[in-house]
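Undergrad: here is the input, now give the coordinates:
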Amino acid sequence: MSLERSDVENIAHLARLAVNESELDAVAGDLSTILELVAQMNSADTSGVIPMAHPLHMAQRLRPDEVSEIDERAHFQSIAPATEDGLYLVPRVVE
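TA: A predicted model of the protein is given here:
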């Protein structure tokens, strides 16, 4: 797919990109090359490929689920201007 100069101007306007007149031809060529690459990738047969979340088949090492810190909520909230039931109270900013 080959993009024309007017196509690039329209894309730049929609994307709110500032493209100089002198850069339009170079950008059109670069975008056309990218679209040709995408067309090549779309033509690859992927019917037997199973979608994956990650390219490596690895299991995550998990640590034991145990408490590692002491509860210091009362200490941290002691300097707060306003708290209630363990929550910080802040002024309402949205009506």
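
Undergrad: where does Leu37 land in three-state SS?
TA: The local conformation at Leu37, judged by DSSP: H, G, I helix; E, B strand; the rest coil, is helix.

Undergrad: what's the distance between it and Leu56?
TA: Noted for Leu37: a distance of 25 Å to Leu56, by C-beta to C-beta, to the nearest Å. C-beta: built from backbone N, CA, C; applies to glycine.

Undergrad: neighbour-wise, which of those two wins?
TA: The neighbour comparison of Leu37 against Leu56 (other C-beta atoms under 10 Å) goes to Leu37, with 10 against 5.

Undergrad: what sits closest to Arg73 if chain neighbours are left out?
TA: What sits nearest to Arg73 in space, not counting adjacent residues and going by C-beta to C-beta, 6 or more residues apart in numbering, is Gly86, at 6.1 Å.

Undergrad: surely the one you found touches Ala80?
TA: No: Gly86 is not in contact with Ala80 according to C-beta atoms under 8 Å; the separation is 10.8 Å.

Undergrad: higher neighbour count, those two?
TA: Ala80 (11 against 8).

Undergrad: that one - that's part of a helix, no?
TA: No: going by three-state DSSP, the assignment for Ala80 is coil, not a helix.

Undergrad: my read: it touches Val90, true?
TA: No: if you go by C-beta under 8 Å, Ala80 and Val90 don't touch, sitting 9.6 Å apart.

Undergrad: what pLDDT does the residue lying farthest from the centre of the chain get?
TA: Within the chain, the residue lying farthest from the chain centre (C-alpha atoms, centre = their mean) is Ser78, at 37.8 Å. Looking at Ser78, its pLDDT is 94.

Undergrad: and Leu87, its phi and psi?
TA: Main-chain dihedrals, Leu87, degrees, to the nearest 10: phi -110, psi 150.

Undergrad: distance check, it against Ile79.
TA: 15 Å.

Undergrad: which of these two has more residues huddled nearby?
TA: Neighbour totals were compared for Leu87 and Ile79, and Leu87 leads with 10 against 6 (other C-beta under 10 Å).

Undergrad: no more questions from me, cheers.
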